[in-house]
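# Okay, structure incoming, though there's no sequence with it:
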């Protein structure tokens, strides 16, 4: 449809322009302005996605979902740079992980992400994780899901044809866990959720420190 083609042209222009500020050396004020431009673009993507859902054009609805997430990824990357400049490394980490997740969702939603080099962008975000942050200690829960619903149709998952991670009419399918039995919490190198990590530790001298900054944490904190 013409609306989608027009949006894709705008998408490429805005992404190219805002991408100029995805560097540590760029001024924070320019990065903040880029976030505003991308937020406006994201709202347009969401609105157009809803239009495609209403006319039941699944391919274009999923296309817009993919573009929406690519926009969200750059928003989060820019917010990461801003947070680092504001001496908020823990927030910066969360923004980076959100960006990585958005790129994966974009790739799951539609093949247009491949054409727009989502894989290359994902690789860049992975390198930023390794270059900007110290190695993290991650946690992963071990549990048994006793009951889960499909996010698409609401039926018990497994009793419908929807598959987790696949896009359906502008939405990604996932399990809504209703009943779960927790078995264990493990320390892992490659977690499913990189937000689940150690925030502080106690060193061999009994000093409690922030894991990201190494700063001492007083007991009353």
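Cool, got the structure. Just so you know, these numbers come straight off a predicted model, no measurement behind them. Residues are numbered from 1 along each chain as shown.
# low-confidence ranges in the chain?
Segments of the chain classed as low confidence (criterion: pLDDT under 70) are 220-221.
# Do a quick rundown of the strands in the chain.
In the chain, the strands defined using DSSP state E lie at 138-150, 167-168, 171-172, 175-188, 200-202, 208-210.
# Can you show me the helices along this protein?
Using DSSP state H, the helices assigned to the chain run over residues 2-18, 28-54, 58-85, 89-109, 112-115, 118-132.
# Please work out which of those helices is packed deepest.
helix 58-85 (a mean of 23; mean count of other Cβ atoms under 10 Å). The C-beta positions use only the backbone N, C-alpha and C, and glycine is treated the same way.
# Who are the packing partners of it?
Using 3 or more Cβ pairs under 8 Å, 6 or more residues apart in numbering; DSSP states H and E, the elements in contact with helix 58-85 are helix 2-18, helix 28-54, helix 89-109, helix 112-115, helix 118-132, strand 167-168.
# For residue 85, which of the strands of the chain is the nearest?
When the strands of the chain are ranked by proximity to residue 85, the top entry is strand 208-210, at 18.0 Å, counting by Cβ to Cβ.
# what about the closest one, distance to the chain center?
Its chain's average C-alpha position is 27 Å from that of strand 208-210, according to Cα atoms, centre = their mean, to the nearest Å.
# Then stretch 199-215?
Centroid separation between stretch 199-215 and its chain, computed with Cα atoms, centre = their mean, is 28 Å.
# just stretch 213-221 next, same as before
Per Cα atoms, centre = their mean, the displacement of stretch 213-221 from the mean C-alpha position of its chain is 29 Å.
# Let the chain start at 36 from now.
From this message on, residue numbering opens at 36, which makes the last subject stretch 248-256.
# Need the contact partners of it.
Applying Cβ atoms under 8 Å, 6 or more residues apart in numbering, the external contacts of stretch 248-256 come out as 124, 235, 242, 243, 244, 245.
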